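**Q** One predicted model, sequence on top.
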Amino acid sequence: MRYQYLDARLRQAFDDAGLSRCQRALLQGVLRALDPDAHLGEHVAGVNSAVLAVMRARTALAGHAAEDQPRWNLLRRVVTTSITVLDAAAPAYAHAGATALAEARQVLHDVDAAIAADGQRLDPAVTAAAAAKLDPAVLTAAVKEWLGPLWNGVELPVRARMVAELAVVTACHGRDGRHLRTDLLRFLKKPDDLAQVLWPRPRRHAVALVVRGARVLRHLDGLLPGARQEPLHRNRLPRDDFLKDVVTGSSVLVRMPVTAADAHTAALLGRRALSEVLDQYAAGERLTELDIAPVWQVSGPTGRVTRGTEHQRTVGNAYPLTAYWPGELRSAMRVANLARQVDAPMASAGLAWSALEATGLDPGKIAWLAKACALQVLRQHLVSLHVVVTGHDRELRAPLDAWVPTTGVKHHLRSVDAWLEVLVRHNRPAGPLKAAQDAVIALAANEGGLVQDLVELWRARLADANLLADWLQEQEDTAAATLEWLYVTRNLAFHAGTFAAPGDVLTAHAGQALADLTLEFLGNWRTRERQRGQAETPALDVYRRLAQRKDQLTARLRRAGSVRRLSVEDISGPDEKWWSRGNG
């Protein structure tokens, strides 16, 4: 099953521990946000987070003070988008941290006023002072105080926002979702201090990785203090050795100390450090190709040994973005693929921006793409909701399957609008539709936890057009803030030579996800045009049209007060059918 936070073993552990709905939703929400397979709207990297906003704003202010990077105009966009994020977070921080949030907002507001007054003459001393006043650790400490209230029960929709922010703090602490799942299963059998499970003290681990392409790395101990190495010979390895399949020629085993919260994170940090060291050897040995094998071994502080491989999701059948070569997207697809292959997060994020840039995007058009992404994220959320609702209990879901059929081995929805019809409340629904709606409520109640929360959240948004318009605006604001930060990261990495920044792993993930999301709707747009024999619309014009569509949809939702006519089937496609449901 794709969604590991809903697998049978975890569900059984929740049942055995007698967890309440709120407790299930908390643990499942954190695990979902840390799932590397989650789409942008679900993943921690796509959360509208005050902690991340302050972290990024402080980095930008410090960068401007030290190296005039980002420049004053880009810095102002980072500051204003951060203020918007902090405003959205205010209801959650009412539970703890309201004063710290208000103080951070005032710092950003003062900087924004200074930029507005001074423009390119902005004094670096002003940004340096502002950076010194911003402290993400204060907000992080406040968020950790939410654990008790969330465990005991907080009402929706604030609960969802608080869980998302808690997941950000957990990710920034250096927790790997797969390892956390294992620790939570252990915690549920013998409950103790949940805070220690989520945020354990980082401890020393010994990480072992294989470098292929050389048997000895000279001067390694000077470049990577504490590292030890051992030449590997395939014919001398035991037959059952876990390294047997990756040692194919000249190879060396490198062991290094890494301080981390868990073994999987230790492996990731170790790989990143070794990858940076290999830049030295690549420069010194221009005719030799060195790479790190995907397998790793970590010895924990207690002596426990964990082995694994780099996360790689596989499929039976792989499909191209389009069945032909869309000329304008070739370079974007190439760079987006390279972004996924790069270990260094800053470089990966910079490449993700370059992939978007290859479609014609420039910083002045970020607002267009942010609006387009909001529409596509709406469709993604609805499709994902169907997947989690129908993940179990075939008998309960039979009436729903009859109204909302799926196709293929992946059970793709034949009609997203049919699913939308089930979620929208009706005064007098017809028999089959009412049966489908009752099935959704029964499935959600049977699953409980996060699934029940998601169903209630979406039924509430679709019952109030203004709520849906507000949600769409928040998705746009989140995408805009992420895109602005991607551009800053690209400049810091490629122009200022910065190779590490707070939260850079999340930035890299968000960048890749935004590039994938953009290519997804551009590919669909191109395919539709080719099927009709139409000329390809330039990507920048697609962004402009979708931005206009998002604004029109928001205005229509505010005016109509109902979503009865809303159609999400092709909401990011070339046809203007987004307000046509029920016309047939």
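**A** That came through fine.

**Q** All the strands of this protein, in order from the start?
**A** 203-212, 228-232, 251-260, 291-299, 305-309, 406-407, 412-413 (DSSP state E).

**Q** Can you list the helices and strands that the second one packs against?
**A** Using 3 or more Cβ pairs under 8 Å, 6 or more residues apart in numbering; DSSP states H and E as the contact criterion, the secondary-structure elements in contact with strand 228-232 are strand 251-260. No exception for glycine: its C-beta is placed from N, CA and C like everyone else's.

**Q** Also the third one?
**A** Packed against strand 251-260, as judged by 3+ Cβ pairs under 8 Å, 6+ apart, are the following elements: strand 203-212, strand 228-232, helix 263-284.

**Q** The shortest one vs strand 291-299, what angle?
**A** Regarding strand 228-232 and strand 291-299, their directions subtend 120 degrees when assessed with axes from the mean of the first three to the mean of the last three Cα atoms, to 10 degrees.

**Q** Flag every buried residue along strand 228-232.
**A** Buried residues in strand 228-232, defined by neighbour count with 16 or more other Cβ atoms under 10 Å: 229, 232.

**Q** related to what we said a few turns ago, out of the helices and strands packed on strand 251-260, which comes closest to residue 186?
**A** Nearest of those to residue 186, taken as Cβ to Cβ: helix 263-284 at 13.7 Å.

**Q** In CSV, list the C-alpha atoms belonging to that closest one.
**A** This file holds the C-alpha atoms of helix 263-284, laid out as CSV (Å, rounded to 0.1, in the frame of the first residue of the first chain):
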residue,chain,number,x,y,z
ALA,A,263,19.9,5.6,12.1
HIS,A,264,18.2,6.5,8.8
THR,A,265,19.0,10.2,9.3
ALA,A,266,22.6,9.3,10.3
ALA,A,267,22.9,7.4,6.9
LEU,A,268,21.5,10.5,5.1
LEU,A,269,23.8,12.9,6.8
GLY,A,270,26.8,10.6,6.3
ARG,A,271,26.0,10.2,2.6
ARG,A,272,25.7,14.0,2.3
ALA,A,273,29.1,14.6,4.0
LEU,A,274,30.9,11.9,2.0
SER,A,275,29.3,13.2,-1.2
GLU,A,276,30.7,16.7,-0.5
VAL,A,277,34.2,15.2,0.1
LEU,A,278,34.0,13.3,-3.2
ASP,A,279,33.8,16.7,-4.9
GLN,A,280,37.5,17.1,-3.9
TYR,A,281,38.4,13.8,-5.5
ALA,A,282,36.4,14.4,-8.6
ALA,A,283,38.3,17.7,-9.1
GLY,A,284,41.6,15.9,-8.4
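
**Q** so how far is stretch 493-503 off the chain centroid?
**A** 20 Å (Cα atoms, centre = their mean, to the nearest Å).

**Q** Kindly report the same for stretch 163-175.
**A** 12 Å.

**Q** list the buried ones in it?
**A** 163-175.

**Q** could I get these as TSV with distance to residue 289 and pLDDT?
**A** Below are these laid out as TSV (distance: Cβ to Cβ, whole Å; pLDDT from 0 to 100):
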residue	distance to residue 289	pLDDT
163	44	98
164	41	97
165	43	98
166	42	98
167	38	98
168	37	97
169	39	98
170	37	98
171	33	97
172	34	96
173	35	96
174	31	95
175	33	96
